[in-house]
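In: Predicted model follows, preceded by the sequence.
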Amino acid sequence: MSCNRECVLVSGGAGYIGTHTTVALIEAGYDVVVVDNFSNSDASAISGVEKIVGRKIAFHQVDTCDRDALKRVFEQHGFNSVIHFAAFKAVGESVADPLKYYQNNLVSFMNILDLMKEYQRPNVLFSSSATVYGDTDTLPVTEESPRQPAMSPYGNTKQIAEDVLRDCCRAYDAIYGIALRYFNPIGAHPSALIGELPRGVPNNLLPYVTQTAAGVRQCLSIFGNDYDTPDGTCLRDYIDVVDLARAHVAALARMLHHGMKDKYEIFNVGTGNPVSVLELVNSFIEANGVDVPFKISGRRQGDVPAVWADTALANKELGWKTERNLTQTLRAAWAWEKHLRNID
Ligand code: NAD
Ligand code: WQD
């Protein structure tokens with residue numbers, strides 16, 4: 001099947017950010033082909049997307065590390081652009097098993113780039129991360145802020161993958177790339193049909209908060225209140241996943257409509273507003289009228305005290321800005337958790 005309208009390959013499209021972006025792309029009029037190996041997702045994510053958009057989507061259960069299987073997808077579909085989400089993302093696991101991360105996150109991306117080159121599919125959006133800034137002392141961080149040494153093998157895969165993409169854009173006439181550096185994605189689609197599916201005990205703050213509110217976890221630990229920040233807890237830039245998905249649509253349009261100023265570009269995708277851990281927890285309680293028992297624990301190793309984005313470049317060049325406020329985001333996160341747990 002080739003695509004009639006402008007078509008996009010979404011790798012890792014059954015995942016948290018991939019599902020929301022797939023919905024946003026379809027709503028913007030694109031045809032989408034999703035590949036995912038369900039290593040951190042399952043078929044319910046694809047059903048959720050299909051319910052929201054009201055039709056079947058093209059899906060292939062493919063491991064992007066399997067070049068031959070991925071090649072068949074390139075042969076079958078006539079997309080010009082790829083949005084590459086497929087990767088592992090658990091920081092702690094990457095410290096315990098670095099090869100798993102270097103293997104999956106780098107081999108899959110190099111397969112994508114290699115096949116784009118072979119089949120002359122020019123555009124790629126790459127899921128990078130604020131983690132590439134490491135323990136930065138320039139706040140807010142701009143795209144020009146120097147990347148500090150990676151604080152985990154996961155972070156290193158993002159730094160290396162950015163460099164691989166930059167070098168490919170320089171070397172190969174037919175490859176154009178944008179790296180989007182996401183800050184802290186949170187929330188869920190307002191329909192509560194798609195959202196994050198953390199496996200086991202969540203590492204990230206908001207899934208731990210929603211599971212505690214749902215009674216799945218007894219008590220949230222706040223990791224440190226002795227940082228040099230206004231209330232002593234860490235500051236982060238929490239970006240609504242629906243706004244983040246829209247940033248991909250904006251970046252894709254820039255590529256397709258020849259709006260790029262360089263063959264390789266980087267944009268921060270955040271809100272530009274620092275929010276402390278305590279503020280996030282208290283805002284969740286207030287937005288949803290539910291209780292979240294919490295206690296203050298010791299600092300978590302590897303946490304940076306504060307990081308938030310300067311979003312001026314994305315706002316100007318992508319013509320994108322956030323639309324959802326923190327209350328809406330926290331209500332959507334709770335609606336998704338209730339959907340997962342069958343809570344009324
Ligand atoms: P996710 O785990 O929910 O989604 C990733 C998807 O990719 C999953 O469905 C998984 O099954 C799939 N996948 C992994 N390896 C694959 C492979 N080899 N072949 C095919 N499919 C594969 O994660 P997410 O939160 O949606 O993250 C998407 C991307 O954004 C990742 O690259 C991640 O590193 C990056 N990112 C995430 C965050 C965050 O906090 N969620 C922040 C910054 C960057
Ligand atoms: C946020 C804040 C914790 C859990 C991670 C990755 C990063 C990116 C986004 C992919 C911190 C505190 C957390 C808890 C807590 N992912 N916290 N109790 O660490 O900013 O970023 O996800 O690229 O690479 O490192 O996000 O949600 O884990 O933590 O107090 O149970 O919440 O200490 O200050 P983080 P997070």
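Out: Nice, thanks for sending it over. Ligands and ions are numbered 1, 2, ... in the order given.

In: Report the buried residues of stretch 62-73.
Out: Within stretch 62-73, the residues that count as buried by 16 or more other Cβ atoms under 10 Å are Val62, Asp63, Thr64, Cys65, Arg67, Ala69, Leu70, Lys71, Val73. C-beta coordinates here come from the backbone N, C-alpha and C atoms, glycine included.

In: Could you tell me which strands sit next to the helix or strand harbouring Ile266 in the sheet, and their orientation?
Out: Using DSSP states H and E, Ile266 falls within strand 264-269. Here strand 264-269 is paired, per DSSP bridges, with strand 176-182 (parallel).

In: What residues sit buried inside the strand it pairs with?
Out: Neighbour counts over strand 176-182 (16+ other Cβ under 10 Å) mark Tyr176, Gly177, Ile178, Ala179, Leu180, Arg181, Tyr182 as buried.

In: Same list (the residues you listed) but as CSV, adding pLDDT.
Out: Listed next are those as CSV, based on pLDDT from 0 to 100:
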residue, pLDDT
Tyr176, 98
Gly177, 98
Ile178, 99
Ala179, 99
Leu180, 99
Arg181, 98
Tyr182, 98
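
In: re earlier: following the chain past the strand holding Ile266, name the next helix or strand.
Out: Downstream of strand 264-269 (by DSSP H and E), the next one is strand 275-276.

In: For that next one, which strands pair with it and how are they oriented?
Out: Here, using DSSP bridges, strand 275-276 pairs with strand 235-236 (antiparallel).

In: Tell me if the partner strand is near ligand 1.
Out: No: on the criterion Cβ under 6 Å from any ligand atom, strand 235-236 is out of touch with ligand 1, staying 10.4 Å away.

In: Could you list the residues in contact with that strand?
Out: 183-184, 205, 229, 274-277, 280, 305-308 (Cβ atoms under 8 Å, 6 or more residues apart in numbering).

In: can you do 7 Å?
Out: Applying Cβ atoms under 7 Å, 6 or more residues apart in numbering, the contact partners of strand 235-236 are Phe183, Asn184, Thr229, Pro274, Val275, Ser276, Ala306, Val307, Trp308.

In: hmm, that strand touching ligand 2?
Out: Yes: counting by Cβ under 6 Å from any ligand atom, ligand 2 has neighbours in strand 235-236: Arg236.

In: Relative to Asn40, which of the contacts of strand 235-236 is nearest.
Out: Asn184 (17.7 Å; Cβ to Cβ).

In: could you list every residue that touches that closest one?
Out: Applying Cβ under 7 Å, 6+ apart to Asn184 gives the contacts Arg236, Asp237, Tyr238, Ile239.

In: So what does it have for phi and psi?
Out: Main-chain dihedrals, Asn184, degrees, to the nearest 10: phi -110, psi 100.

In: Quick check: which ranges of the protein have low pLDDT?
Out: Counting by pLDDT under 70, the chain shows low-confidence ranges at 1-4.

In: Show me the strands in it, by range?
Out: 7-11, 31-36, 58-61, 81-84, 123-129, 176-182, 184-186, 220-223, 235-236, 238-240, 264-269, 275-276, 294-297 (DSSP state E).

In: Which residues does the biggest helix by length in the chain contact?
Out: Secondary structure assigned by DSSP state H gives helix 153-171 as the longest helix of the chain. Defining contact as Cβ under 7 Å, 6+ apart, one finds that helix 153-171 is touched by 89, 91, 94-95, 98, 101-102, 105-106, 109-110, 113, 126, 128-129, 131-132, 134, 147, 150, 175-177, 179, 263-264.

In: same thing with stretch 100-109?
Out: Against stretch 100-109 from outside (Cβ under 7 Å, 6+ apart): 64-65, 84, 86-88, 94, 153-154, 157, 160-161, 164.

In: filter those by proximity to ligand 1?
Out: Applying Cβ under 6 Å from any ligand atom to the contacts of stretch 100-109, those adjacent to ligand 1 are Thr64, Cys65, Ala86, Ala87.

In: what are the phi and psi values for the second one?
Out: Summarising the backbone geometry of Cys65 under the convention degrees, to the nearest 10, its torsions are phi -80, psi -10.

In: check contacts around it.
Out: Here Cys65 is in contact with Asn104, Val107, Ser108, Asn111 (criterion: Cβ under 7 Å, 6+ apart).

In: In ChimeraX, how would I select just the buried ones from those residues?
Out: Per 16+ other Cβ under 10 Å, the buried members of these correspond to this ChimeraX selection:
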select :104,108,111
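
In: my read: Val49 touches Phe59, true?
Out: No: using Cβ atoms under 7 Å as the test, Val49 is too far from Phe59 to be in contact (9.1 Å).
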